[in-house]
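Enquirer: Model the structure of this input:
(one chain, ligands or ions: 1)
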Amino acid sequence: MASLLEQLPSFSTILSMYASFSAMAMLLRTVFNEMLPKRFQTYISAKFLDIASTCLSADFTFIIEERWQAVHNETFRAAEAYLPTRVGPSTESLLIGSNEPLNPRAPPKQRIPVDCKIVDEFHGMRLEWTLRNSVDSNKYFPREKRYFRLSCKKRDRDRVMQSYLPHIARTAQSILNRRETLNIYTYNQESSVWESAVFKHPATFETLAMEPELKQVIKEDLDTFVARKDFFEGVGRAWKRGYLLYGPPGTGKSSLVAAIANYLRYNIYDLQVQTARSDADLRHILTSTTNRSILLIEDIDCGSKVSHDRTRVQDDHEDTHDEQQNPSRISSNDPGVTLSGLLNFLDGLWSSCGDERIIIFTTNHKDKLDQALLRPGRMDVHIYMGYCTAAAFRKLSATYLGIEHHPCFVTIENLLQSVTVTPAEVAQQLMKSDDPEAVLRSFIHFLGSKRNRETEIGT
Ligand SMILES: Nc1ncnc2c1ncn2[C@@H]1O[C@H](COP(=O)(O)OP(=O)(O)OP(=O)(O)O)[C@@H](O)[C@H]1O
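Expert: Model prediction:
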């Protein structure tokens with residue numbers, strides 16, 4: 001023990017060692033602060049902190065923001081769909097709610113609240129998820145920014161990337177494919193977000209009154225589109241399909257959109273082009289939509305500059321007139337969305353953001369649209385929705401009256417050859433009573449009167 005004590009340095013040696021160490025530290029600090037350039041100092045500090053945190057902490061955190069490179073982040077969306085299925089005993093709070101007024105007994109749906117921790121296990125790894133919220137400091141349009149923090153052990157980082165996140169993507173996809181309710185989104189300009197409501201439209205291809213061949217062609221086109229992911233990738237095209245539905249009011253354009261959404265189980269983003277303040281705003285709005293969805297732009301011919309840029313003088317005149325009638329409409333002084341802004345989105349680089357998108361324009365006046373919108377390749381399929389034909393009438397009669405044959409049909413079908421009547425008008429007539437006989441007789445009378453009026457106008 002005595003010899004051990006003798007080997008220890010004396011107090012004065014320790015003091016002088018401390019003094020030289022302090023002097024050296026001060027010298028290094030002075031060199032660091034005064035002689036090294038600021039950027040170099042920052043770099044060294046960051047490296048030092050990095051190494052220190054690597055040595056001291058055993059956890060790793062992934063940050064998954066809601067948007068990724070200006071478009072909706074699919075990893076975020078997958079986590080949002082997946083996490084409610086991982087609620088467990090350690091979960092402390094949940095958002096629940098229902099937006100199905102027609103089905104009040106339906107169990108409420110679950111969502112993850114901000115700051116709530118969800119613990120998941122996967123192949124022996126423990127994963128902790130938390131949803132966070134922050135406000136983007138954009139001076140003009142401050143936007144809320146949501147992001148997930150996913151923490152795991154540092155040693156599991158690669159396994160999370162290689163197997164856990166792909167597992168979440170697969171699970172989320174099958175959850176979204178099975179979705180029971182569809183949503184329709186409208187854009188709220190004030191808060192700069194898409195707001196959703198449950199979409200429950202009864203229209204299906206079965207109930208649509210249109211030529212059976214045309215219906216078949218549309219269904220096959222949709223099936224081919226959905227099945228050809230690899231084809232689109234192979235030929236270097238964005239996985240998108242554009243439809244232009246045109247025809248008089250009441251011929252079923254909106255009903256066809258609903259039938260397509262129900263057929264594919266796609267959500268609908270219903271966009272009023274006038275809600276976008278500028279082309280940049282339009283880009284933000286459109287890139288905030290998600291995959292497997294329909295972007296619907298109805299009545300494109302009424303959509304201000306977008307539909308007819310080239311008749312600008314006339315257009316501005318119309319704008320002024322319109323503003324007087326409808327003050328909520330964006331002023332003609334407003335930069336607004338331009339045709340080229342929309343075209344850039346449709347077939348420019350922006351269109352390759354996101355997959356499995358259907359874009360549908362509807363119009364009552366195809367002739368008023370700028371040729372640039374109609375050029376081949378821009379809208380892939382043009383569908384004319386016309387007046388009621390014999391086949392369409394039979395379909396409406398089966399839907400509304402529950403009958404497929406009746407002696408009155410011959411008279412009605414003859415009249416339909418000379419009278420222009422929309423499926424909406426026919427539907428209205430067929431809903432008048434529960435008695436098919438009385439309804440058909442009244443409908444014949446309606447068609448007869450309409451034909452007489454049309455003949456009078458013609459002469
Ligand atoms: N082809 C059709 N098949 C079945 N029902 C139809 C059809 N066309 C119209 N209807 C009926 O008429 C109503 C109005 O039709 P819809 O809104 O789909 O027409 P639209 O062409 O979109 O009209 P608008 O151009 O005014 O928007 C629908 O709710 C539906 O009941």
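Enquirer: so what pLDDT did residue 344 get?
Expert: In this model, residue 344 is scored at 74, pLDDT.
Enquirer: again, but for residue 6
Expert: 67.
Enquirer: count of residues packed around the closest residue to residue 390 other than its chain neighbours?
Expert: Leaving aside its chain neighbours, residue 390 sits nearest to residue 413 (4.2 Å; criterion: C-beta to C-beta, 6 or more residues apart in numbering). C-betas here are computed from N, CA, C, even on glycine. By the measure other C-beta atoms under 10 Å, the count of residues near residue 413 is 14.
Enquirer: and residue 413, which of the three is it?
Expert: Classification of residue 413 by DSSP: H, G, I helix; E, B strand; the rest coil places it in helix.
Enquirer: Pull up the gap between it and residue 432, please.
Expert: Distance, residue 413 to residue 432, by C-beta to C-beta, to the nearest Å: 20 Å.
Enquirer: Same check on residue 60?
Expert: Residue 60 sits 68 Å away from residue 432, going by C-beta to C-beta.
Enquirer: Residue 33 too?
Expert: 90 Å.
Enquirer: more neighbours, those two?
Expert: residue 432 (13 against 10).
Enquirer: wait, is the more buried one part of a helix?
Expert: No: under three-state DSSP, residue 432 sits outside any helix and is assigned coil.
Enquirer: hang on, it packs against residue 440?
Expert: No: Residue 432 is not in contact with residue 440 according to C-beta atoms under 8 Å; the separation is 10.4 Å.
Enquirer: The residue nearest to residue 390 and residue 393 touch, don't they?
Expert: Yes: proximity of residue 413 to residue 393 meets the contact threshold set by C-beta under 8 Å, at 6.8 Å.
Enquirer: which helix in the protein runs the most residues?
Expert: Ordering each helix of the chain by length in residues (DSSP state H) puts helix 436-458 first.
Enquirer: Contacts for that one, please.
Expert: 401-403, 406, 408-409, 411-412, 415-416, 418-421, 426, 429-430, 432-433 (C-beta atoms under 8 Å, 6 or more residues apart in numbering).
Enquirer: I'd like to know which of the residues you listed are buried.
Expert: 401, 408, 409, 411, 412, 415, 416, 419, 421, 426, 429, 430 (16 or more other C-beta atoms under 10 Å).
Enquirer: any idea what sits nearest the second one, other than its immediate chain neighbours?
Expert: Spatial nearest neighbour of residue 408, excluding adjacent residues (C-beta to C-beta, 6+ apart): residue 440 at 4.1 Å.
Enquirer: just the fourth one next, same as before
Expert: Closest residue to residue 411 in three dimensions, ignoring its sequence neighbours and counting by C-beta to C-beta, 6+ apart: residue 444, at 5.6 Å.
Enquirer: pLDDT score for that neighbour?
Expert: Looking at residue 444, the pLDDT reads 94.
Enquirer: now it: how far from residue 409?
Expert: Distance from residue 444 to residue 409, by C-beta to C-beta: 10 Å.
Enquirer: Any idea how many residues pack against residue 80?
Expert: Neighbour number of residue 80 under other C-beta under 10 Å is 18.
Enquirer: Contacts only, for it.
Expert: Applying C-beta under 8 Å, 6+ apart, the residues near residue 80 are 111, 112, 172.
Enquirer: Tell me the buried residues within the residues you listed.
Expert: For the contacts of residue 80, buried by 16+ other C-beta under 10 Å: 112, 172.
Enquirer: show me where the stretch 151-300 of the chain has strands.
Expert: 182-188, 193-199, 240-246, 267-270, 293-297 (DSSP state E, counting those that start in this stretch).
Enquirer: which neighbours does the last one have in its sheet, and in what orientation?
Expert: What that stands for is strand 293-297. strand 267-270 (parallel), strand 357-363 (parallel) (DSSP bridges).
Enquirer: okay, it in PDB with CA atoms only?
Expert: Taking Å, rounded to 0.1, in the frame of the first residue of the first chain, the C-alpha atoms of strand 293-297 are listed here in PDB:
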ATOM      1  CA  SER A 293     -57.500   9.500 -57.200                       C
ATOM      2  CA  ILE A 294     -59.500  11.400 -59.700                       C
ATOM      3  CA  LEU A 295     -58.900  15.000 -60.300                       C
ATOM      4  CA  LEU A 296     -62.100  16.500 -61.500                       C
ATOM      5  CA  ILE A 297     -62.400  19.900 -63.100                       C
END
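Enquirer: Give me the contact list for that strand.
Expert: Against strand 293-297 from outside (C-beta under 8 Å, 6+ apart): 257, 260-261, 264, 266-271, 273, 286, 289, 303, 356-362.
Enquirer: Might you quantify the distance of it from its chain's geometric centre?
Expert: 8 Å (C-alpha atoms, centre = their mean, to the nearest Å).
Enquirer: do you know how far the residue nearest to residue 390 is from residue 455?
Expert: 19 Å.
Enquirer: burial count for the residue in the stretch 251-400 of the chain that the ligand sits nearest to?
Expert: Distances between the stretch 251-400 of the chain and the ligand by C-beta to the nearest ligand atom are smallest at residue 252, namely 2.7 Å. Counted with other C-beta under 10 Å, residues neighbouring residue 252 total 24.
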